[in-house]
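Colleague: Requesting a structural model of the entry that follows:
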Amino acid sequence: MKSTIFKPLIFTTIFVTASFVSFGQASLRSNASSGTMFAGEKLIFEGKVSKLKLSLSVAELTFSASQKPDSNDLVIKSLAVSKGTMLKIFRYSFLQEYESVVDLTDFSIKRTKKHDVQKERVRDSEAFFDYRENRVTYIETDPKDFNRPPRLIASDLTEPMNDMISSIYAMRLQPLTVGKKFEMSVSDSGVIYKVPVVVTKRERQKTILGKVWCLRVEPEIFGTNRLIEQEGKMIIWMTDDARHTPVRAKIDSQYGTIEIKLKEATKPVVQQT
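Modeller: Modelled structure (predicted):
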């Protein structure tokens, strides 16, 4: 099983979506101060892969957010760990830790730190976003081989944006409604991607928060020059309330169907009619 399966897994974790350009950007900035509502929130998801009528537990995904004392920074931490079948049958283990520092003034990403372990392969990386110089700089190192030169990637920034983790939180600040379409800009490993997104339906979902109304969001992350350069489709369900809590995601890919569901939540309270 190729490691690329985990990129969509983690991206959903994250529950996709990103900083917004065009008309979406203005509404995001106007709601940026509302990002303080995420402080103290903790969400835990379970990831399963289904194929040939088998459903296999493969990962646990955890996200937590806190505001730095005496600052306007929100720190978002995420952890994705392989479990169950991944270890026993596929003999594949992985661990990904992200730390994203977001400026609550306009909810733009300032710094991303990542620790990535896939079997014996280990990589540490940091991305720095300099909006004065309009530049994002990504540096990746191998902690097992200090003689290996760092991998360096730099890209031009045209507007404030988010990384893969903070992107979903930025999206949650959007006034999402059925039929809304927008394009988002996502920075991953120093490269910037454009992702079209559409809110397609309002559906009722059975979740740990109860049976609640959710908005069905479909980002185009698969395809040529996309985040995932292969065939596939992603759907995300977020509660149709002020918090837009992600409760479920589904990814159809060449590896099978990946289902990610919220199994534990601290702080979220769903308020619906």
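Colleague: So what's the gap between whichever strand or helix holds Ile168 and the chain middle?
Modeller: Element membership for Ile168 (DSSP states H and E) is helix 164-172. Relative to its chain's centre, helix 164-172 lies at 6 Å (CA atoms, centre = their mean, to the nearest Å).
Colleague: Make 33 the starting number, not 1.
Modeller: Done: numbering now begins at 33, and the last item shifts to helix 196-204.
Colleague: and the next element down the chain from that helix?
Modeller: Tracing the chain past helix 196-204, the next element assigned as helix or strand by DSSP H and E is strand 213-220.
Colleague: Could you pull out the buried residues of that following strand?
Modeller: Using 16 or more other CB atoms under 10 Å as the test for burial, strand 213-220 gives Phe214, Glu215, Met216, Ser217, Val218, Ser219, Asp220. Where C-beta positions appear, they are placed from N, C-alpha and C, glycine not excepted.
Colleague: Show me what it is packed up against.
Modeller: Under the contact criterion of 3 or more CB pairs under 8 Å, 6 or more residues apart in numbering; DSSP states H and E, strand 213-220 touches strand 51-52, helix 54-62, strand 194-195, helix 196-204, strand 223-239.
Colleague: mind redoing it with 6 Å?
Modeller: Using 3 or more CB pairs under 6 Å, 6 or more residues apart in numbering; DSSP states H and E, the elements in contact with strand 213-220 are strand 51-52, strand 223-239.
Colleague: Show me which helix or strand of the chain is least confident by mean pLDDT.
Modeller: Lowest mean confidence among the helices and strands of the chain (mean pLDDT, DSSP states H and E): strand 51-52, at a mean of 29.
Colleague: one step back: is it possible to get a markdown table of the helices and strands packed on strand 213-220 that adds mean neighbour count?
Modeller: Shown next, in a markdown table, are those (neighbours: other CB atoms under 10 Å):
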| stretch | mean neighbour count |
| --- | --- |
| strand 51-52 | 26 |
| strand 223-239 | 16 |
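Colleague: and Leu205, which of these is closest to it?
Modeller: Nearest of the helices and strands packed on strand 213-220 to Leu205, taken as CB to CB: strand 51-52 at 9.6 Å.
Colleague: Need the mean per-residue confidence for the helix holding Ile200.
Modeller: Mean pLDDT, helix 196-204: 85.
Colleague: just stretch 222-240 next, same as before
Modeller: pLDDT averaged over stretch 222-240 gives 90.
Colleague: what's the offset of it from the middle of its chain?
Modeller: On the basis of CA atoms, centre = their mean, stretch 222-240 sits 11 Å off its chain's mean C-alpha point.
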